[in-house]
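K.L.:
structure for this input, please:
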Amino acid sequence: MSFYTVGTRTNYYFSHGEGRPVLLLHGISNSGRAWAPQVPALVEAGYRVIVPDHAGHGASGALDGPFGVSDMANDTLALLDHLQIETADMVGLSLGGMVALELALRSPERFGRLVVANSFAATTAPQFKAMAQSWAAIFEQPHGPVLRLEQNWPSLVSPAFQATAEGLRTYQVWHGIAASADGPSLAHVARGITDFDCRERLADLAHPTLFLAGSEDRMATPTSIKTMADLAPLGQYREVEGASHIANVDSAQAFTGHMLEFLKQA
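P.N.:
Below is the predicted model:
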């Protein structure tokens, strides 16, 4: 079965392959399907790939109140316990990167190498809080998740990717996923993630960590990602040229190359 329970909630995950486990953690309002470009490459490289849908996302159950980074970390640890996995590597993008950092800092013995892409060290600034509140307001409108995707697609992936056949296919798939998303749950997440701040804790991050930035990302800028890498004792920084915020999708080949090269160093 591809479901596990946390309290009264049921979450969905996808697992495939054999070998060392690697968790793929997606961003807000997305789902595990966003990792489709990386799953085959990881399985072929000999990993067991585990792709959860965060609570309130994808095929996981709905939420009835604010739900933050710490809550998602709790769910992920419950998933590892459910699968009887003692240690795993992690790849997280955007919100998924924050969850990965929270997990590694809180339960360092459970994790190995980390890839943190297009993500944030803190969400407590007034600008981020205002942005998250605007997301929540859109999610709560009729068909809000579709509306947000239509508004944000140009800033999520690069113009070059948007103009390709693969870009159009991806947009259609994500549009359909957004059409079935639960807007109130996503609003709970948007409001719940604005208390995350690991900047002072990054000095305690004991794991080899690759911080990936998209050169054209205007949300999680290359400068901010490099600052995170500099604060982490074993941090490395790489920049994906031409990539926007969802770098694993619009620059899948380059992203996957950086990811596999780093993970294989173990």
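K.L.:
quick one: the residue lying closest to Ile193 once chain neighbours are set aside and Gly192, what's the gap?
P.N.:
Spatially, and ignoring its direct neighbours in sequence, Ile193 is nearest to Gly68 (5.1 Å; CB to CB, 6 or more residues apart in numbering). Heads up, the C-betas are built off the backbone N, CA and C, glycines and all. Computed as CB to CB, to the nearest Å, the Gly68 to Gly192 distance reads 4 Å.
K.L.:
okay, now the nearest residue to Met72 once chain neighbours are set aside: neighbour count?
P.N.:
Nearest non-adjacent residue to Met72, counting by CB to CB, 6+ apart: Val99, 4.7 Å away. By the criterion of other CB atoms under 10 Å, Val99 has 31 neighbours.
K.L.:
ranges for the strands of the protein?
P.N.:
3-6, 9-16, 20-25, 47-52, 88-93, 111-117, 209-214, 235-240 (DSSP state E).
K.L.:
per-residue pLDDT, Ala266?
P.N.:
Ala266 is assigned a predicted lDDT (pLDDT) of 83.
K.L.:
dump the residue contacts of the nearest residue to it once chain neighbours are set aside.
P.N.:
Excluding the flanking residues, the one nearest Ala266 by CB to CB, 6+ apart is Arg113, at 5.5 Å. The contact partners of Arg113, taken as CB atoms under 8 Å, 6 or more residues apart in numbering, are Asp89, Met90, His207, Pro208, Thr209, Leu210, Phe262, Leu263, Gln265, Ala266.
K.L.:
do I have it right that Ala78 meets Gly7?
P.N.:
No. Counting by CB atoms under 8 Å, Ala78 stays clear of Gly7, with 9.2 Å between them.
K.L.:
have a look at the two and say which one is more surrounded.
P.N.:
Ala78 (17 against 8).
K.L.:
list the beta-bridge partners for the residue nearest to the more buried one when sequence neighbours are not counted.
P.N.:
Counting by CB to CB, 6+ apart, Ala78 lies nearest to Val6, which is 4.9 Å off, once chain neighbours are set aside. Legend: beta-bridge partners of Val6 under DSSP bridges are Arg9.
K.L.:
mind listing what's buried in stretch 83-95?
P.N.:
The neighbour-count check on stretch 83-95 (16 or more other CB atoms under 10 Å) flags Ile85, Ala88, Asp89, Met90, Val91, Gly92, Leu93, Ser94, Leu95 as buried.
K.L.:
now, among the contacts of Arg113, which is nearest to Phe14?
P.N.:
Relative to Phe14, the closest of those is Met90; by CB to CB it sits at 15.5 Å.
K.L.:
specify the beta-bridge partners of the closest one.
P.N.:
Beta-bridge pairing for Met90 (DSSP bridges): Leu23, Leu114.
K.L.:
wait, what's in contact with it?
P.N.:
Met90 touches Val22, Leu23, Leu25, Ala100, Leu103, Ala104, Phe111, Arg113, Leu114, Val115, counting by CB under 8 Å, 6+ apart.
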